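# Next comes the sequence, and after it the predicted model I'd like to discuss.
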Amino acid sequence: MGHSYAVTAEFYDLLQADDFRRLAERLTRRWLGTPRVGVLDVGAGTGLATALLAERTGLVVHAVEPSGPMRAVLLSRLAGNPQLLNRVRVHAVGVQDVGLTAAADFAWCVNTMACLDPEERAEGLAAIRAALVPGGRLVVQRPPHRVEPPWELPSRRLGDDLYTGQVTCADAGPDRATWRFTYRVTHGDQVVREARESFEVHLAQPPAFAAELRAAGLDPVGEDEPEIVIASAR
């Protein structure tokens, strides 16, 4: 795993929070149900889904986030929402090492599986299964299955400055790719600053990932967009 997000953490909420919230709200409306045990948020990042899940369920949310820079934003978000402080436990480890048993009946894992190599994915899925009670539900985004074309992140204006982001993808070998994020702050025609961060991502074909889920004791029962699988804990 080992991604630091040292550059990305600064820009993530400004450029991506609105789209992520819309996605999280749509998926939770359809798939959350009524958890009664607890909630697991794998790859909690800056805490956008963590806060939503804590508000909607009233249960303890186990927020798993190994990146210090992303976790700093998550903790700041929680500090600004005192009503959530008793409902969130932050685990500063990768999902493979979270060590929870029967602690949740709903798990959320979006924008995370791509960061794990096949061995880490197997360990992570096994840890998610251990954290879920039988019949618990997992909403998980599949790893990408191909090298994607470049895309633009949403742009945002902050004062008189414009914040933008671009992502390019490159083949990095069998079942691997490199995502390169470039962030720019411009003032009129002048580039004030530019920052870059690269991530190694691991690819998996949808049938292969479904087999990995089943091997971990998580049976696929539905699908959604983008590349979302719904699984039930055996």
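Great, that's in hand. Residues are numbered from 1 along each chain as shown.

# what's in contact with the helix or strand in which residue 63 is found?
When elements are assigned from DSSP states H and E, residue 63 belongs to strand 61-64. Contacts of strand 61-64 from elsewhere in the structure, counted by Cβ atoms under 8 Å, 6 or more residues apart in numbering, are 38-44, 47, 50, 53-54, 74, 87-91, 93-95, 98, 100, 103-104, 131. From N, CA and C alone the C-beta is placed, and that goes for glycine too.

# Now, of those residues, which are buried?
When burial is judged by neighbour count using 16 or more other Cβ atoms under 10 Å, the buried members of these are 38-44, 47, 50, 53-54, 74, 87-88, 90-91, 94-95, 98, 100, 103-104, 131.

# can you list the weak-confidence ranges in this structure?
Applying pLDDT under 70 to the chain flags residues 1-2.

# can you map out the strands along it?
Using DSSP state E, the strands found in the chain span residues 39-42, 61-64, 88-91, 104-109, 132-141, 151-158, 161-171, 176-187, 190-202, 218-224, 228-233.

# For stretch 121-140, measure first residue to last.
Terminal residues of stretch 121-140 are spaced 12 Å apart (Cα to Cα, to the nearest Å).

# can you pull the buried residues of that stretch?
With burial defined by 16+ other Cβ under 10 Å, the residues of stretch 121-140 counted as buried are 121, 123-133, 136-140.

# I'd like to know how far residue 202 sits from residue 227.
Separation of residue 202 from residue 227 (Cβ to Cβ, to the nearest Å): 14 Å.

# Same check on residue 7?
For residue 7 relative to residue 227 (Cβ to Cβ), the value is 25 Å.

# now residue 30, nearest residue through space, not along the chain?
With sequence-adjacent residues excluded and distances taken as Cβ to Cβ, 6 or more residues apart in numbering, residue 30 is closest to residue 224, at 6.8 Å.

# residues touching that neighbour, list them.
Contacts for residue 224 were tallied using Cβ under 8 Å, 6+ apart; they are 27, 30, 31, 139, 230.

# The most far-flung residue of the chain relative to its centre: what's it in contact with?
Computed with Cα atoms, centre = their mean, the residue of the chain farthest from its C-alpha average is residue 189, at 34.1 Å. Residue 189 sits next to no residue when contact means Cβ under 8 Å, 6+ apart.

# My read is that residue 113 contacts residue 140, right?
Yes: Residue 113 lies in contact with residue 140 (Cβ atoms under 8 Å); the separation is 6.5 Å.
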